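# dropping a prediction and its sequence here:
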Amino acid sequence: MLAIAALAALIVSNSPWRDAYQAFTAIPGTVDVGGVVVIAKPLLLWVNDLWMAVFFLVVGLEIKRELVEGELASRDQAILPAVAALGGMIVPALIYALINLGDPIALRGWAIPAATDIAFAIGIVMLLGTRVPVSLKVFLTAVAIIDDLGAIAVIAVFYTANLSFAMIVGAVAGALALLALNRAGVTRVDVYLVVGAAIWVCVLKSGVHATLAGVVTAFAIPIRDPRGGSPAGALEHGLHPWVAFTVLPMFAFANAGVSLEGLSFGSLLEPIPLGIAGGLLAGKAVGVFGAAWLMIRAGFAAMPADASMRQLLGVCILCGIGFTMSLFIGALAFDGLDPAYATGVKLGVLTGSLLSGVAGTLILWRRTEGAGR
C-alpha cells in the first residue's frame, strides 16, 4: 500500500494531472474552537502534522513495549540503536559539509541527509518478511525513531523561526501531566490521549514539529494494569490497521509527488545533490553500521538476535532512505532562496533514498543460514 501510494504520487505529479494533484494537497482545512484554538492548514500539512503524530504514537508504543518487555529491555540491546543513530546523523552531515565547504549558503543544508524516513524504511523491511529477523526490525525502528527525534531537535535549534516559548512551556506542562498520570497508576487510555492532544496543539503552535507529541504520549501510557491487561498493547493493536491502511498510504501519496521536470543526470554532480545523495547512501551506511559494528566488537552491545553482519549492514543501508524528513529539512534550509536550491534538494534526496532502498533490499534479499557471519 505504501509503495503503491508513493508510486501513484510520482506518476500523477509528473503527468498532465499535476495541477489537480497540487490542488488536492492544498485543500484547506480549519479547526476553530471558540476562537481560542484556531488551526488552519492545507491537507498536506494536516497529514504530516496530525496523521503522522498518530503513526509516531503507534511506533512509540512499540518502542516502549520493546524497552520494557522485549528486545531492548537489556542495556546491551538498548544502547546499540542509540549509538548507531548518533553515528547515522554525524557522518552524513560531515559528508555533506565537506562537499559544500566553500558555499556558506549551501552549508545551510548540512542536516538534510541526517534524517531517516521511518515509514519507507520500515515498510521495506516488512515487505521482506522473514528475510529480516525480528530483532533487526526492532533495531531499525529504534534507530529511525531516535534519528527522527534527533532531526526534530536539529530543526528546533537550527531551522525553526519564531519559536513560541509560551507554547513550549505548555507542551512541557502537558508532558509532566502525563508523567503524573502514569505515576498515579491511571490506566484509562482516553485520559492520556486527551492530554496528548493538548500537547500536540502546544507543540504545533510552538513551531517545533508536532509529531513529537505522539512519541511523548506513547511513552506515558502504561504497559500493564493491575488486572494484568495491557493498555498500551490494546491501543497499539487497535491503531495498527488504521495506520497501515490509511495513515501511511495517505502520507506517501501526499509527500511523494515530486516533479522531475528540469532534472538531469548531470545535475546530480552539483555540490548540493551530490552531498545529499552521498550523505544518505554512504554516510548512513558508514555512520550507522560503523557505530553499531564498533559497539559490538568492543563488547559494549550485543549483536541483534538471529542476525548476521550482512543483514545488519543491509538494515543500516536502509537508514539512508531520507525522503520526507529530508525534503522537509531541505525546504526549511533554503526557504525563500532561488528555486534551484529546492531542485537540487529534490534530486539529491530522491537519488540517495532510491539507491539506499535498492542496495539495502538486495543485501537483505538473500537468506542467511545461521547468524554471526
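It's in.
# before we move on, what SS does residue 31 have?
strand (DSSP: H, G, I helix; E, B strand; the rest coil).
# what's the closest non-adjacent residue to residue 144?
For residue 144, ignoring the flanking residues on the chain, the nearest one in space by Cβ to Cβ, 6 or more residues apart in numbering is residue 118 at 3.8 Å. All C-beta atoms are positioned from the backbone trio N, CA, C, and that covers glycine.
# contacts only, for the one you found.
59, 141, 144, 145, 147, 148 (Cβ atoms under 8 Å, 6 or more residues apart in numbering).
# now do it against residue 324, distance only.
Using Cβ to Cβ, to the nearest Å, residue 118 is found at 9 Å from residue 324.
# re earlier: list the ones among the contacts of residue 118 that fall in helices.
Counted as lying in helices by DSSP state H, out of the contacts of residue 118, are 59, 141, 144, 145, 147, 148.
# selection in PyMOL covering whichever of those residues are buried, please.
Here is the PyMOL selection string for the buried members of those, based on 16 or more other Cβ atoms under 10 Å:
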select buried, resi 59+141+144+145+147+148
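# which one in the ones in helices among the contacts of residue 118 is the model shakiest on?
Ranked by pLDDT, the ones in helices among the contacts of residue 118 bottom out at residue 148 (73).
# pull the number of nearby residues for residue 357.
Residues contacting residue 357 under the criterion other Cβ atoms under 10 Å number 22.
# I'd guessed it sits against residue 323; true?
No: in this structure, residue 357 is not within contact of residue 323 by Cβ atoms under 8 Å, at 9.1 Å.
# which residues are common contacts for the two?
residue 120.
# show the backbone phi and psi for residue 37.
Dihedral pair for residue 37: phi -110, psi 110, per degrees, to the nearest 10.
# which stretches of the stretch 101-250 of the chain form helices?
Here the stretch 101-250 of the chain has its helices, by DSSP state H, counting those that start in this stretch, at 118-127, 134-154, 165-183, 189-206, 212-220, 231-242, 248-255.
# could you dump those to a markdown table with distance to residue 4?
Output for the helices of the stretch 101-250 of the chain, formatted as a markdown table (distance: least, Cβ to Cβ, whole Å):
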| stretch | distance to residue 4 |
| --- | --- |
| helix 118-127 | 11 |
| helix 134-154 | 21 |
| helix 165-183 | 36 |
| helix 189-206 | 29 |
| helix 212-220 | 25 |
| helix 231-242 | 17 |
| helix 248-255 | 7 |
